[in-house]
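A.B. asks: I'll drop the sequence and a predicted model, then ask my questions.
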Amino acid sequence: MPIALLSVSDKSGIVELARGLVSRGFTIVSTGGTARRLTAAGLAVTSVSELTGMPEMLDGRVKTLHPAIHGGILARRDRSDDLAALRRHRIALIDIVVVNLYPFAEASLKPETPFDALVEEIDIGGPSLVRAAAKNFRHTLVVVDPADYPRVLSALDRTPSLAFRFELARKAFTATATFDAMVVETLGAFTPGESGFTRSQAADEQPDTYDLAMEKIRQLRYGENPHQRATWYRALDLESGDDPAWGFGGATLLQGKDLSFTNLLDLDAAARIVAEFEVPAAAVVKHTNPCGVATAATIADAYLRARDADSLSAFGGIVALNRAIDVPTAEGIVSTKIDCVVASAVDADARGILKRRSGMRVVLADFTPADSSPLELRSIMGAMLVQERDAVAEVDEEWSSEALPEGFRVVSRRHPTSAEWEALRFSWRVCAHVKSNAVVFANREQTLAIGAGQMSRVDAVRAAVMLARSGQPLTGSVAATDGFFPFRDGVDEVAGAGATAVIHPGGSMRDEEVIAAADEHALAMVFTGRRHFRH
């Protein structure tokens, strides 16, 4: 009779799996809490101690570390000497190992967890079982993810393929590597002393080592250029051990051609913008810079405003929406030549409309803001840079002269009007997502002109004015820029374009000159004391 060894910390689905295994003729061997859960569900369970002839000991530290267990897992069924050794020592073959590891991540995320308690959450037997079964994957199925339980039962109704066994083995090794990486990073925050171990690492300090685990999603046709190979991976969460479905790690291609390397970069840039807004918002992106961003009462109107902010550049653009695509929005999208669109969902009635543009890629992804600020990684030659994601947190509240965010100050003689405050808040939000040096002209709900990636700030202003929608004047608009004005010439250009208010970090050696220029033009000028460069 085949044997399945079950020992899990995450017990979701374990009773159903065990019942499925029993119905297929398996004997269940288990330990501790798993055995108690299965017994309470009315299942017959053989304890590990019955196989080993040894009790669990050292407060559960030693349960499965025994030749009777590991011999049964590691024996090669196609080696007569292996099988003879098992018969000689009366060791039974173990055909399936179902293990997930101690909740070390949960304990490590609680600052109040004492060092010694963390040490007790370092799993020893679990990784040993997983690695043994994964090494012998040709003969022993290893299962570390409850999501795979139904697939395992289905595979057992046939003969599990070598490809399926190998897939589970690779997933198992990823799980143990991720667990070990969590232990390394967590213990690196402690320093031994005479009175014990204390957390020595400052809350804002990154660990001395950073382990990155990634899982391949698919091979891309090529990279930024046809001669470059490229691959799309999802990052595995080393903090929780979970495989995050957030963002483009869990994206689904609903229709259209395969996504390219540059498609994904543009989709990411567009999604970051609309994720900033609580109200319906749309962004149209070209080459990772927005050519139009807008908000409205409906997502359909937001899309049309974003497209019309620069309809010439929108042709062949990448679109992100922070609402599900409904019928009116779908009609608006297919009226334009759009390469890709990403949203959280598509209404059933809208899917047929989107298919009119059969080559247009439609992507579903959850890019709602995360509860915390995840880290971002950028590669440079021979090294890696890590930083917290830039959060434009200062826009979370309404702005007014009476209620300014911390660090903000109105430096001009004239204060912004209520309409200008709304427009400044909108333009500041967008400006954080435009490549530096950046200047954004906008009203309360739509960008009017965007100057991106210029080597000087005054040229960014001039580029924006040149690209203004259909050559229309920017009279009555506001302007935002991601860094200070180093000279007054940028302010002169902003005023000359017709803007009535401007927002920027301040902090130049020539701030007095810049403020004087604003007053000469009757511009309202706001210093934020906070910069949002995007390189």
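C.D. replies: Sure thing, it's come through. Numbering: from 1, shown residues only.
A.B. asks: From P67, how far off is the residue of the chain positioned farthest from its centre?
C.D. replies: Distance from the centre of the chain peaks at R88, with 52.2 Å (C-alpha atoms, centre = their mean). Distance of R88 to P67, computed by C-beta to C-beta, to the nearest Å: 12 Å. Yep, even glycine has a C-beta here, placed from its N, CA and C like the rest.
A.B. asks: Same question for V130.
C.D. replies: Counting by C-beta to C-beta - V130 and P67 are separated by 18 Å.
A.B. asks: if you count what's nearby, which of the two comes out ahead?
C.D. replies: Between V130 and P67, counted using other C-beta atoms under 10 Å, the more crowded position is V130 (28 against 13).
A.B. asks: quick one: A479 is in a strand?
C.D. replies: Yes - A479 forms part of a strand when assessed by DSSP: H, G, I helix; E, B strand; the rest coil.
A.B. asks: Tell me where the model's unsure across this structure.
C.D. replies: 57, 59-60, 62-63, 108-111, 199-211, 236-245, 369-374, 469-472 (pLDDT under 70).
A.B. asks: Can you give me the buried ones in the longest helix along it?
C.D. replies: Counting residues, the longest helix found in the chain (DSSP state H) is helix 162-187. Buried residues in helix 162-187, defined by neighbour count with 16 or more other C-beta atoms under 10 Å: 164-165, 168-169, 171-183, 185-186.
A.B. asks: any idea which helix or strand comes after it?
C.D. replies: strand 190-193 (DSSP states H and E).
A.B. asks: in its sheet, what does that following strand sit against?
C.D. replies: Using DSSP bridges, the strands paired with strand 190-193 are strand 196-199 (antiparallel).
A.B. asks: outside of the partner strand, which residues touch it?
C.D. replies: 111, 115-116, 189-191 (C-beta atoms under 8 Å, 6 or more residues apart in numbering).
A.B. asks: try stretch 352-368
C.D. replies: Outside stretch 352-368, the residues touching it (C-beta under 8 Å, 6+ apart) are 245-248, 250-257, 259, 263, 267, 271-272, 274-275, 320, 325, 327, 330-331, 333-334, 338-346.
A.B. asks: Tell me which entries of the residues you listed lie within strands.
C.D. replies: Taking DSSP state E, the ones among the contacts of stretch 352-368 that sit in strands are 247-248, 250-255, 320, 338-343.
A.B. asks: so which of these comes closest to V48?
C.D. replies: The closest of those to V48 turns out to be G250 (C-beta to C-beta; 36.6 Å).
A.B. asks: What's the separation between the closest one and M525?
C.D. replies: Separation of G250 from M525 (C-beta to C-beta): 43 Å.
A.B. asks: So for these two, which residue has more residues nearby?
C.D. replies: Legend: neighbour count by other C-beta under 10 Å for G250 and M525, higher for M525 (27 against 15).
A.B. asks: what are the pairing partners of the helix or strand harbouring the more buried one, and which direction each?
C.D. replies: Per DSSP H and E: M525 is located in strand 524-527. Next to strand 524-527 in the sheet, as set by DSSP bridges, lie strand 409-410 (antiparallel), strand 501-504 (parallel).
A.B. asks: Quick one: name whatever helix or strand follows the last one.
C.D. replies: Under the assignment DSSP H and E, the closest C-terminal helix or strand after strand 501-504 is helix 511-520.
A.B. asks: what comes up buried for that following helix?
C.D. replies: 511, 514-515, 517-518.
A.B. asks: Using PDB, write out every CA atom in that helix.
C.D. replies: Taking C-alpha atoms only, helix 511-520 is exported to PDB below (Å, rounded to 0.1, in the frame of the first residue of the first chain):
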ATOM      1  CA  ASP A 511      15.000  80.800  -4.800                       C
ATOM      2  CA  GLU A 512      14.700  84.600  -4.100                       C
ATOM      3  CA  GLU A 513      15.200  85.300  -7.700                       C
ATOM      4  CA  VAL A 514      12.700  82.600  -8.700                       C
ATOM      5  CA  ILE A 515      10.100  83.900  -6.300                       C
ATOM      6  CA  ALA A 516      10.600  87.500  -7.500                       C
ATOM      7  CA  ALA A 517       9.900  86.300 -11.000                       C
ATOM      8  CA  ALA A 518       6.700  84.600  -9.900                       C
ATOM      9  CA  ASP A 519       5.500  87.800  -8.200                       C
ATOM     10  CA  GLU A 520       6.400  89.900 -11.400                       C
END
